[in-house]
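**Student:** My questions concern the predicted model and sequence given below.
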Amino acid sequence: MREGIDRSGGQEPSVAISIVEEIKQELVRGRYRPGSRLPTERELAQQLRISRSTIREAMRMLAVLGVVEARGRAGTHIASDASAVLREPFAFLMALEHPSPESLLEARETVEVRLAGWAAERRTEAELIGIQAAIGAGRESGYLAAAPAPPPRGTYGDFHCAVARAAHNPALSSYLITLYEWQRRQIPATAPVRIEDWPRLADSLATHQRICDAIRDRDADAARRLMTIDMQYARDFWAFMHAPQALENASDGDTAEPEESHRAP
């Protein structure tokens, strides 16, 4: 972190904001990692040549943003999911652009199929356990989809995010997580159906397990093929959420797996 903060104007709040932005930039540069310990309040005050009260104000702001967390005598640390604050600009851009469900699904398919293959090649044992746990936690939570805010951890999209993290591509996994957070917010709080009502839920969950098995076996080709199939289920689900009766009628006939022609090359 650079020494000294520009205090032109002399307003303490603006200095605190400068510290917040500086620490966020240090995150981007890689100096601080999730879980890493920050210098003490005294050390930061001496390094930046500002008052400790201003440092405290900056730390409060960072805590509200979810960037840092206080751990008592262990000091202040970068939060384990501090990357969330760095995804805010992209989320804000989507809020301005209002991408259509179709464009979101296209973006997901473009990214998720590749990530599934990489996850099969790069995953750790702990990440494999996490993917399987996401499947189980989702079943236990009931996969509630109709909510005014993103559902809690353990819901449907956490499986996809767990696969993305196992791919060890932070840029694309952060992009995908942001897409999911945005997509979840597009489900109206007054939606007439829940994901449990979706006729193809069991098929999609079975595909999730098969993807997990392919990742376990380090079969990248199978993981990509199965994720492509699951993306077709995602399209069916979004059609169901917007026109449940139409899709339910259609599902009375063929509920087979999506055609091979939809699979990635």
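**Tutor:** That came in fine, so what should we check first?
**Student:** what about residue 20, distance to residue 174?
**Tutor:** 20 Å (C-beta to C-beta, to the nearest Å). For glycine as for every other residue, the C-beta is placed from the backbone atoms N, C-alpha and C.
**Student:** These two: who's more crowded?
**Tutor:** It is residue 20, of residue 20 and residue 174, that has more neighbours when counted by other C-beta atoms under 10 Å, with 21 against 17.
**Student:** Find the nearest non-adjacent residue to that one, please.
**Tutor:** Excluding the flanking residues, the one nearest residue 20 by C-beta to C-beta, 6 or more residues apart in numbering is residue 61, at 5.0 Å.
**Student:** okay, now that neighbour: neighbour count?
**Tutor:** 17.
**Student:** check contacts around it.
**Tutor:** Counting by C-beta atoms under 8 Å, 6 or more residues apart in numbering, residue 61 makes contact with 16-17, 20.
**Student:** got it, and residue 134?
**Tutor:** 154, 158-159, 161-162.
**Student:** In this structure residue 163 contacts residue 215, no?
**Tutor:** Yes - counting by C-beta atoms under 8 Å, residue 163 does reach residue 215; the two are 7.0 Å apart.
**Student:** Next, show the common contact partners of these two.
**Tutor:** Contacts common to residue 163 and residue 215, judged by C-beta under 8 Å, 6+ apart, are 116, 119, 131.
**Student:** nearest to residue 200, of those?
**Tutor:** Of all those, residue 200 sits closest to residue 116, with 19.3 Å by C-beta to C-beta.
**Student:** mind checking which helix or strand that closest one is in?
**Tutor:** helix 101-122 (DSSP states H and E).
**Student:** which helices and strands sit right next to that helix?
**Tutor:** helix 156-166, helix 170-185, helix 201-216, helix 220-242 (3 or more C-beta pairs under 8 Å, 6 or more residues apart in numbering; DSSP states H and E).
**Student:** who does the third one touch, helix- and strand-wise?
**Tutor:** Same thing as helix 201-216. Other helices and strands packing on helix 201-216, by 3+ C-beta pairs under 8 Å, 6+ apart, are helix 101-122, helix 125-141, helix 156-166, helix 220-242.
**Student:** Comparing these, which comes out most buried?
**Tutor:** Each of the helices and strands packed on helix 201-216 was scored by mean neighbour count; the highest is helix 156-166, a mean of 24, by mean count of other C-beta atoms under 10 Å.
**Student:** After the one helix or strand residue 46 maps to, which helix or strand is next?
**Tutor:** Here residue 46 sits within helix 41-48, counting by DSSP H and E. As assigned by DSSP H and E, the chain's next helix or strand after helix 41-48 is helix 52-65.
**Student:** What mean pLDDT does the next helix or strand after that next one get?
**Tutor:** Remark: after helix 52-65, the chain's next helix or strand is strand 68-70, criterion DSSP H and E. Averaging pLDDT along strand 68-70 gives 86.
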